[in-house]
Each structure stands twice: as structure tokens, then as C-alpha cells.
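[1] structure for this input, please:
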Amino acid sequence: MKKLVALLVAVLYLFVSCDKEEENSEKKLSPTSDQKGFCLEWTSITCSICGSTGGPLLKQFSEEAPQGAMVALHVNQPDSMRIPNSSYWAFSEDRPTGGGIPAFYVGDNKIPTDDVDAMTNLLNQGDAIAGVDIKHAMKGSSMEIETKTKFFESANGEYYLSVFVLENGIDGSDMAPQGYDQAGGGEEYNHDFVLRAEATETMGKLIASDPSENKTVSNSFTVNLEASWNDVYPVAVFWRYDPDANIKYSYVNSIR
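    Numbers count the residues shown, from 1 in each chain. Model (predicted):
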């Protein structure tokens, strides 16, 4: 009798354990219409204003919008975090620097570096027509990313999803290796939100045309990582495409 009870307890424990493992592995993505916020910064280690003003402003925006995508685009030699030429041209065609850096875009608006209220103003615009959620898992030297996008009202046009891998905490202090030491950054400067890789084309993957209310789209991506990258994570940015507009890819929502 005792052996039978022990066997039943063991089977019950195994069942519960498997249940928990399945529940964890099947964590559901739940996009919401909440506006998460978005900022894109053009920057370079050779730009002293980027270190003294640009980096701190992007950090402030990230604190105001902790679930939003903040993306730092490093350009110019000898910056070791410089983005590929293909990414540079894709971004600059739609969100140009205007001839100088740092240059900031919050949502679709290019802002001066003293516009500390820009992110608050974007968040105060209220809910977006669509939202996206994201999760990832590390598999050896690669990152597996899953996204789910949902429309909360019907819409016209084409909608694209960009998925990027960013890195935080890169030493940019006066003692950092050449190519990372940030002009104007000081003794304890770190590079955050650095664009390292793209899971899609720079301006995204087409995921919906003239979507209906409650339409959902799920996607999976795999991104190869370099061994030197440390604190990496994915973000997704959702756009509406209009070939006749000044800014062809208008911002809808994002997620970190």
C-alpha cells in the first residue's frame, strides 16, 4: 500500500512539473494599444555633444518610456559601433540627420537636443491603432525572437515591423578602447541602446495590408550574435508605409 501511495505521489509530481514547464515555455504574447514610445538617435564617439547631451537625453527618454524602443545609431569612423552602410542609407532616407549629430527623432518628429518634453508629448497622444509584443531566448550564439502584432481598429495602408537587437553597457569612458571612448562622455560613460543587428530589413517586414480590427500577426526570427556582445536584447518598431509622404515610414508603436 505504501509503495502504491509513493508511486501515485511521484506521478502527480511529474505531472505538475511538466505542466509548469509547458506553461513557462508557452508564455503568451499579449500586445496592447498602449503607446510605448520611440526614439532614434544619430550619434558618434567623435561628437562631444553626443557624449555630454545626446546620451543623457536618450537615457532620460528611456526612463520616461521604459517599454519603448530607444535606438542609438552610431556612424562615422573610427566608431567601432558604426552601423552598416545599408542600414545607414535606409534610416537616412526616411529620418536624416539634417547634416549634424546628435540628431533625434521622437516618433516622426525631429527634435532639438533641448526638447526634454518630446517623449512625454508622444506618450500623451494616447493609444495607438496597433500594438506589438516580443519575447526572446538565447540559443548558443544566436537569439530566437518571437513577436505578435495586433490591430485594435481597422486601418488602411501597408504596415511594416522592424526587429532590432540592441546592446547596453558598452564602456565608453576615457579608459575605453579606441573606437569606443566617447568624446564629451567623461570618466564613467556607457554606450546604451546601440544597434547591433537586424532581424528584418531596416525599415521592416510587411506584415499587413488594409488590416481589419483585431487582426493579429505572429512572426519568428533568428539573429546571429557576436561573442563580444554582452547585454543584448530585442526591440520591435511598427510603421505605416506611405510612399507619397515626406516620412514614408510613419511610426505607430514599439516594444522593448
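[2] any idea what sits nearest residue 171, other than its immediate chain neighbours?
    residue 180 (6.1 Å; Cβ to Cβ, 6 or more residues apart in numbering). (Each C-beta comes from the backbone N, C-alpha and C, glycine too.)
[3] and the one you found, backbone torsions?
    phi -120, psi -20 (degrees, to the nearest 10).
[4] need the pLDDT of it.
    Looking at residue 180, its pLDDT reads 98.
[5] in what helix or strand does the residue nearest the centre of the chain lie?
    Closest to where the C-alpha atoms of the chain average out (Cα atoms, centre = their mean) is residue 235, at 2.4 Å. Per DSSP states H and E: residue 235 is located in strand 231-241.
[6] do the same with residue 59
    helix 55-64.
[7] what helix or strand is residue 90 on?
    helix 85-94.
[8] in this structure, what secondary structure element scores lowest on mean pLDDT?
    None of the helices or strands of the chain scores lower by mean pLDDT, DSSP states H and E than helix 2-25, at a mean of 36.
[9] now do the following helix or strand past it against strand 231-241, angle only.
    Sequence order places strand 38-43 as the next helix or strand after helix 2-25, per DSSP H and E. Angle of strand 38-43 versus strand 231-241, following axes from the mean of the first three to the mean of the last three Cα atoms, to 10 degrees, is 110 degrees.
[10] pull strand 38-43 out as PDB, backbone CA atoms only.
    Taking Å, rounded to 0.1, in the frame of the first residue of the first chain, the C-alpha atoms of strand 38-43 are listed here in PDB:
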ATOM      1  CA  PHE A  38      10.100  55.500 -29.600                       C
ATOM      2  CA  CYS A  39      13.300  57.500 -30.100                       C
ATOM      3  CA  LEU A  40      16.000  57.200 -32.700                       C
ATOM      4  CA  GLU A  41      19.300  58.900 -32.100                       C
ATOM      5  CA  TRP A  42      22.100  59.500 -34.700                       C
ATOM      6  CA  THR A  43      25.400  59.600 -32.700                       C
END
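[11] hang on, the earlier thing: pLDDT score assigned to the residue nearest to the centre of the chain?
    98.
[12] cool, the one 5 residues further on as well?
    For residue 240, the model assigns a pLDDT of 98.
[13] and it, bridged to which residues?
    Residue 240 forms beta bridges with residue 159, residue 250, as assigned by DSSP bridges.
[14] and stretch 86-104, which residues are buried?
    87-88, 90-91, 94-95, 97, 101-104 (16 or more other Cβ atoms under 10 Å).
[15] name the nearest of those residues relative to residue 191.
    residue 102 (12.9 Å; Cβ to Cβ).
[16] any idea how far residue 182 is from the nearest residue to that closest one once chain neighbours are set aside?
    Leaving aside its chain neighbours, residue 102 sits nearest to residue 54 (3.3 Å; criterion: Cβ to Cβ, 6+ apart). For residue 54, the distance to residue 182 (Cβ to Cβ, to the nearest Å) stands at 10 Å.
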